[in-house]
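Q: just need the structure, nothing else, for what follows:
(chains A and B)
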There are 2 protein chains.
Amino acid sequence: MLNNIKIIDGGICAVEDVKAAGSRVGKYGLAVIESKNSTASGVFTSNKVVAAPVIHTREMIKGGKLSLVVVNSGNANCFTGEEGVADCVKTIKFASELTGVSADEIATASTGVIGRKMPMDTILPLVEESISKLENSPENSTEAAKSLMTTDTYHKEFAVEVALEEGTVKIGGITKGVGMIAPNMGTMLCFLATDAVISSEDINKALKEAVNKSFNMIVVDGDESTNDMALLMANGKSDVEVVKDGVIDENFQEALNFICISLAKMMARDGEGATKFIECKVNGAKSDEDAIKASKSVISSSLVKSAIFGGDPNWGRIVAAVGYSGCEMDQTMITIALSDDNGNESILVNKGEILAFDGTESLKKAEEIMQEKHVNILVDLYQGNSTATAWGCDLTYDYVKINAEYTT
Amino acid sequence: MLNNIKIIDGGICAVEDVKAAGSRVGKYGLAVIESKNSTASGVFTSNKVVAAPVIHTREMIKGGKLSLVVVNSGNANCFTGEEGVADCVKTIKFASELTGVSADEIATASTGVIGRKMPMDTILPLVEESISKLENSPENSTEAAKSLMTTDTYHKEFAVEVALEEGTVKIGGITKGVGMIAPNMGTMLCFLATDAVISSEDINKALKEAVNKSFNMIVVDGDESTNDMALLMANGKSDVEVVKDGVIDENFQEALNFICISLAKMMARDGEGATKFIECKVNGAKSDEDAIKASKSVISSSLVKSAIFGGDPNWGRIVAAVGYSGCEMDQTMITIALSDDNGNESILVNKGEILAFDGTESLKKAEEIMQEKHVNILVDLYQGNSTATAWGCDLTYDYVKINAEYTT
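A: Just a heads-up that it's a prediction; the model follows:
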């Protein structure tokens, strides 16, 4: 299915005519992304407490058009009242004057500490600097991605091209987010651009589907941020229509899902303090909802996460997490296996029968797999045909350290 | 309201005719509690994966009668198939022979590692030893409580007497549980006895109410165990009827709630690796459900827990946790305050207005409160009149350490 999709360089700037730039002063970063005359859609946090840029962008994106995005890191502009929204408007007006882009096609996003006023004396010069550096180049995508970083340990960008019947379409993206990554996304920002031709309505459907399969399936600590946002812009430069008779081309959707999953996995791998990346695939669930519940429950369990940090193939905690997830299950039917990326696999429990006793080959192999940086958990429920995959990371001393010392 | 309630010594043995004993070999502990000819009720884990003693006790307690409880720690007897249930039956038969108590009035409970067969060669001699030591004495309650401990750092027992119109009633209890304490209880065991006269039906109602206000309101890490159980036995020795015309005496219920809350708080305080005890009270919620959701969400948030470990009055994380809890709220109306047990209080956010800026007295005081061992969080939503309180602990390096190294 992925035969049509090719990973390419260039991040968000892999897409023709998409310009980006980033700048930074101390703990404050600022990225600008330009994708002129694009159709656009956004997905936002479902937290009832939302930051000023979420309030503003959620409204303006209803127009379905976007040309410019201005993103700052270091201050969330959340719980900042009317002044916070005014600061968004001020930033947009300033960017509009500098670029000539109409204010109603400019979105803002923020990430950082909650409840502090925006340091506009620092932010506005950064906006000016980034806008002056806007360019369509791989280096500029990287700079923009870097300027989004808060507790991220590396920048995140990805790009693909996908061969469709009528031509090739590119999709590129940059993202940040490690801390509060959670169901429904937590302090994650993602900006995607494509040269596909797609209407404002269809782009919304495509983005939602991709977000549900990717960012909504990663969990670092279960907290959900006030600032999460994923935006997709389509500038149509490829002249390739990706929707026919109201149906989104499945290869395009697949490519969009793939880039979002790739970026989501980069985030999970960079979870705060993480030393290991965990993938949990649940097969044989009675419904899609059950598969999602079970896989997320395992990935979210502090006990499973701690066990993986400690290299302990504690399948009892995996079984318990499936058991309290709310999915349909039968403990005499469940299968649990671990695998790594080198092709090693160990079945710990086979249809309810424990194989991993002390001294068994199964347990020995599982302990070896647990030493790898990438641990896959496979759960088969034998209740139906639904499947889901969730991603996360281990719970470590450093997670506690990072979050105990964040604002002080 | 608590004027009628007096805290007394003796733990579960504070209640007349209730005998207890505990014994231990290495990591295996065994407690026996005898409360002959009692009406009884139990509340059990809602995990779909349940241990053999849960399967067995959940069924036998439907008879509403109990005389003896046999509890082992060190092995959960979970995911042990038919052999596990057979081991329960074997234990009960053995205890029945030694005590003369009918097998259908003997309950079992277990806590410990999942998926390992019960070491019956170790367990049965411990059963014999504990039964031979059964006695109604404060020391024996303590020994029984100690033998339940796994990663608990101290034993937990509590007793009260409550003056009712027709006489005085006593309630005593022992409990264990630190790790997977969670909504709906996690690896917690609680055994309560009273000398009240109460029918099997009414005792069920009374216990459920008390559990909902206590054990279901503590959270350590959000994982839910396969072995949780709370049992209440009433031997009627006081001759005081606590139910009239089908209505449970509110002072008796209050006393039962109080002992359960006291034991629950002991557990939260002893959460794995905890250095601080956290209480979160939510006022002004639109409904009881909303109040419970909001208070538990704050107590469960890894980010809030890490911040408290670090002594950081990061109210933004508290607001965010309320925001994603699903309760009705308005961020321009919320009030958040911190207090300690010395009477210090600091309002961080007052009806949506931030008071705790850098350099303010409010923030300084909040930082001082954060240095205390007991931190109270008060949230007022101003959406209605419902209120709820939840308890938990901070997230520390030691939590990770304990859980990374549990089985290995």
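Q: for the rest of this, base every contact and every neighbour count on C-alpha atoms.
A: Will do.
Q: give me the phi and psi for A:A159.
A: As for A:A159, its main-chain torsions (degrees, to the nearest 10) stand at phi -150, psi 150.
Q: could you find the closest non-adjacent residue to it?
A: Of all residues not flanking A:A159 in the chain, A:G172 sits nearest, at 4.1 Å (Cα to Cα, 6 or more residues apart in numbering or on different chains).
Q: ok, the nearest residue to A:Y324 once chain neighbours are set aside - contacts?
A: Nearest residue to A:Y324, sequence neighbours excluded (Cα to Cα, 6+ apart): B:N47, at 4.5 Å. B:N47 makes contact with A:320, A:323-324, B:224-226, according to Cα atoms under 8 Å, 6 or more residues apart in numbering or on different chains.
Q: among those residues, show me the least confident.
A: Of all the contacts of B:N47, B:E224 carries the smallest pLDDT score, 66.
Q: lowest-pLDDT helix or strand in chain A?
A: Least confident helix or strand, chain A: helix A:397-404 with a mean of 71, by mean pLDDT, DSSP states H and E.
Q: among the contacts of B:N47, who's most crowded?
A: B:T226 (35 neighbours; other Cα atoms under 10 Å in any protein chain shown).
Q: and that one, helix, strand or coil?
A: Secondary structure state of B:T226, per DSSP: H, G, I helix; E, B strand; the rest coil, is coil.
Q: chain A versus that one, what's the distance?
A: 6 Å (Cα to the nearest Cα, to the nearest Å).
Q: tell me the phi and psi of the residue of the stretch 101-250 of chain A found nearest chain B?
A: When you check the stretch 101-250 of chain A against chain B by Cα to the nearest Cα, the closest residue turns out to be A:I114, at 5.2 Å. A:I114 adopts backbone torsions of phi -90, psi 140, taken as degrees, to the nearest 10.
Q: next one: the one 5 residues further on
A: The phi/psi pair for A:P119 (degrees, to the nearest 10) reads phi -80, psi 80.
Q: what about it, neighbour count?
A: 13.
Q: check A:A163 too.
A: A:A163 - counted by other Cα under 10 Å - has 16 other residues nearby.
Q: now do the one 4 residues further on
A: Other residues lying near A:G167 total 13 when counted by other Cα under 10 Å.
Q: and what of the one 10 residues further on?
A: One way to gauge burial is a neighbour count; for A:G177, by other Cα under 10 Å, it gives 30.
Q: ok, the nearest residue in space to it that is not next to it in sequence to A:E143 distance?
A: Once flanking residues are discounted, A:G177 sits nearest to A:M188: 4.1 Å by Cα to Cα, 6+ apart. Per Cα to Cα, to the nearest Å, A:M188 is found 18 Å from A:E143.
Q: who has more neighbours, these two?
A: For A:M188 versus A:E143, the count of surrounding residues by other Cα under 10 Å is larger for A:M188: 29 against 21.
Q: now stretch A:48-68: how far from the chain's centre is it?
A: 18 Å (Cα atoms, centre = their mean, to the nearest Å).
Q: that should have said stretch A:275-291, apologies.
A: On Cα atoms, centre = their mean, the centre of stretch A:275-291 falls 17 Å from the chain's centre.
Q: repeat that for stretch A:302-310.
A: With Cα atoms, centre = their mean, you get 22 Å for stretch A:302-310.
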